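Enquirer: Let's see this in three dimensions:
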Amino acid sequence: MRLRYAIILLLILIAQASAEQTWDLSILRVNLYPPDAEVQQGQPLMITIYVGNNEGSQFSGAVSVSLYVDGFLKSREDWYIGNLSIGSIPIPPGGYRTIVTNLETSTLTIGVHELRVEISPKGYTDPNKDDNSYSINFVIVPLVNPFIEADSEVLQGKEFDVKVQIPNPRSEPLEGIKVRLFVNGSEVGTKESYVPPRMISAVKFSYKPLNVGTILLDALITRDDQPMGRASLSVTVKPSCDLLIERVQLSERIFAGEPISGKLMLKNMGLSASRVNVTFFIDGEAVESKSIDFIDPGEGKELEFNLDVALGMGSHTMTFKLIPLDADDLNPSDNEYSFSFRIIPVPISLSARSSGSDIYVNLTNLADLLTNVEVSLLRNGSEVTRFNATLEAGSSKLIPIRGLDPGNYTIAVYSHGSIVSSTEVSVEGGMKPESPFWLLAVVPIAAALVYYMLTRRKRRAWPSS
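Expert: Reported below is the predicted structural model:
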């Protein structure tokens with residue numbers, strides 16, 4: 001009986017001694033794989049823990065390993081070292097053994113995270129717990145690496161395409177993928193996608209920017225509401241306008257030598273103000289340019305023009321071309337406007353009469369501008385003489401042609417090379433009074449003279465009383 005009690009007491013003492021056993025272990029370092037501590041979301045992060053023995057004898061026992069991510073416990077497991085585990089080697093005095101474990105990353109967000117590894121006693125007490133933990137950072141990278149394709153510069157108010165390319169380097173397809181597009185932080189669309197193994201799928205969006213500046217495009221790839229990848233791209237939005245020629249006003253009649261005058265009504269239907277350069281073309285040749293100050297969106301401005309160009313008679317084509325100076329035009333096809341007009345000769349009224357061997361030509365300018373004309377005198381189809389005449393606006397001029405032979409004559413008036421009027425007149429020859437009305441003055445005078453002579457003679461014949 002006494003022996004039994006002695007054995008029980010010995011076992012109790014051994015148990016107490018074991019319960020009070022201490023051992024100084026530490027974490028020397030922690031290595032992560034991949035070596036750059038970047039792991040794709042959903043792929044395991046391999047962790048190698050170097051456990052050191054700071055005692056003077058070898059260690060065999062159990063160690064509890066806890067993994068914390070950003071302060072939250074993610075896993076805890078017990079590891080048996082030395083005699084407690086088949087095939088495990090005890091930790092020699094002053095030496096170390098490695099523990100290799102994995103961390104599940106499917107629930108972790110993309111970005112940088114802090115990993116803290118802790119070892120805690122299992123059946124022993126560590127007198128120095130300060131070296132029982134180790135912290136290291138790692139990065140969760142997208143499972144897929146999407147990229148965005150879009151023009152680097154786009155126009156305000158014009159829709160452009162955004163393509164989100166999703167590569168899948170894995171041997172299994174990516175199913176249930178959602179692509180969300182954000183512009184400056186605001187979501188503008190969501191589309192689903194399927195990416196076959198080792199292929200690239202493109203998801204296309206369209207967007208119309210209304211403001212000038214830089215916009216940031218963000219594409220977020222998710223599956224089951226978990227982010228899988230992200231891509232960003234900056235795009236510059238240039239100012240735009242939409243100019244058009246709303247109305248053209250031109251003189252109804254344009255005489256040869258007269259300046260071409262009129263008015264243009266321009267309007268900006270775009271989103272940004274711009275100055276405008278207007279170039280005038282006649283028959284394809286630029287003749288003048290004018291600049292207009294800023295035309296605000298939705299506003300219009302009137303431009304008066306007066307083109308002093310020498311044009312021949314007949315039809316001509318005038319073209320107006322608008323060039324915005326501070327913005328790009330959304331619809332440049334309506335920045336040109338063409339129309340046809342005619343140059344007509346200055347109307348000249350012509351009359352002529354003959355007197356003896358002279359012809360008197362009377363020219364009247366019926367237009368309201370000064371003009372130069374040529375007068376040609378022909379006899380039997382041959383030109384006798386030609387001379388120039390300048391007529392003020394609305395004025396008349398009497399031009400004598402003297403010393404002509406008897407015959408029939410044609411008088412033709414030319415303006416800028418085109419005949420505008422003609423008439424015929426005959427010259428009979430010899431002295432011919434300019435007017436029969438001279439007799440009204442000569443006859444009374446002759447009668448008075450005869451009367452005077454007769455009365456004078458009679459006075460001389462009468463006797464004195």
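Enquirer: C-alpha from now on. contacts and neighbour counts both.
Expert: OK.
Enquirer: all helices for the stretch 1-150 of the chain, in order.
Expert: Counting by DSSP state H, counting those that start in this stretch, the stretch 1-150 of the chain has helices at residues 2-19.
Enquirer: Could you list the low-confidence segments of it?
Expert: For the stretch 1-150 of the chain, the stretches flagged by pLDDT under 70 are 1-20, 84-87.
Enquirer: If we use 50, what do you get?
Expert: 10-11, 13-19 (pLDDT under 50).
Enquirer: Strands of that one, start to end?
Expert: 25-33, 38-40, 45-53, 61-69, 72-81, 96-103, 111-122, 133-141, 147-149 (DSSP state E, counting those that start in this stretch).
Enquirer: For the fifth one, buried residues please.
Expert: By neighbour count, and taking 16 or more other C-alpha atoms under 10 Å as the criterion, the buried residues in strand 72-81 are 80-81.
Enquirer: Okay, and the beta partners of Ser415?
Expert: Here Ser415 sits in beta bridges with Ser418, going by DSSP bridges.
Enquirer: Run through the residues that contact it.
Expert: By C-alpha atoms under 8 Å, 6 or more residues apart in numbering, the residues touching Ser415 are 256, 345-346, 372-374.
Enquirer: Pull the number of nearby residues for the residue nearest to Ile89 when sequence neighbours are not counted.
Expert: Spatially, and ignoring its direct neighbours in sequence, Ile89 is nearest to Gly82 (4.5 Å; C-alpha to C-alpha, 6 or more residues apart in numbering). By the criterion of other C-alpha atoms under 10 Å, Gly82 has 18 neighbours.
Enquirer: got it, and Ser333?
Expert: 10.
Enquirer: same thing with the one 3 residues further on?
Expert: A count of nearby residues for Glu336, using other C-alpha under 10 Å, gives 16.
Enquirer: how far away is it from Thr319?
Expert: 7 Å (C-alpha to C-alpha, to the nearest Å).
Enquirer: now swap in Ala393 and tell me
Expert: Taking C-alpha to C-alpha, one finds Ala393 at 30 Å from Thr319.
Enquirer: Which one of the two is surrounded by more residues?
Expert: When neighbours are counted by other C-alpha under 10 Å, Thr319 comes out ahead of the other of Ala393 and Thr319, with 17 against 14.
Enquirer: Tell me who's in contact with the more buried one.
Expert: 280-282, 284, 336-339.
Enquirer: what pLDDT does it get?
Expert: For Thr319, the model assigns a pLDDT of 95.
Enquirer: so what's it bridging to?
Expert: Phe281, Ser338.
Enquirer: do you know how far it is from Asp334?
Expert: Taken as C-alpha to C-alpha, the span from Thr319 to Asp334 is 12 Å.
Enquirer: what sits against the nearest residue to Val39 once chain neighbours are set aside?
Expert: Residue nearest to Val39 in three dimensions, not counting chain neighbours: Ile140, with 5.3 Å by C-alpha to C-alpha, 6+ apart. For Ile140, the contacting residues are 38-41, 105, 108-113, by C-alpha under 8 Å, 6+ apart.
Enquirer: nearest to Ile215, of the contacts of Thr319?
Expert: Nearest to Ile215 among these: Glu336, at 32.5 Å, using C-alpha to C-alpha.
Enquirer: neighbours around the spatially closest residue to that closest one that is not a sequence neighbour, how many?
Expert: Take Glu336 and drop its neighbours on the chain: the residue closest to it by C-alpha to C-alpha, 6+ apart is Lys321, 4.5 Å away. Lys321 sits with 20 neighbouring residues when counted by other C-alpha under 10 Å.
Enquirer: Over to Asn184?
Expert: 13.
Enquirer: Check the gap between it and Gly270 for me.
Expert: 23 Å.
Enquirer: Ile399 now?
Expert: From Ile399 to Gly270 the distance is 62 Å (C-alpha to C-alpha).
Enquirer: Can you pick out the residue with more neighbours from these two?
Expert: The neighbour count for Ile399 versus Gly270, taken as other C-alpha under 10 Å, is higher for Gly270 (24 against 14).
Enquirer: Tell me who's in contact with that one.
Expert: 157, 240-243, 297-298, 329-330.
Enquirer: swap in Leu108?
Expert: Leu108 neighbours (C-alpha under 8 Å, 6+ apart): 41, 140.
Enquirer: likewise the one 4 residues further on?
Expert: Listed by C-alpha under 8 Å, 6+ apart, the contact set of Val112 reads 137-140.
Enquirer: rerun that using 6 Å as the cut-off
Expert: 138-139 (C-alpha atoms under 6 Å, 6 or more residues apart in numbering).
Enquirer: Domain parsing of the chain, as residue ranges.
Expert: 14-141, 147-238, 240-344, 348-427 (automatic domain parsing).
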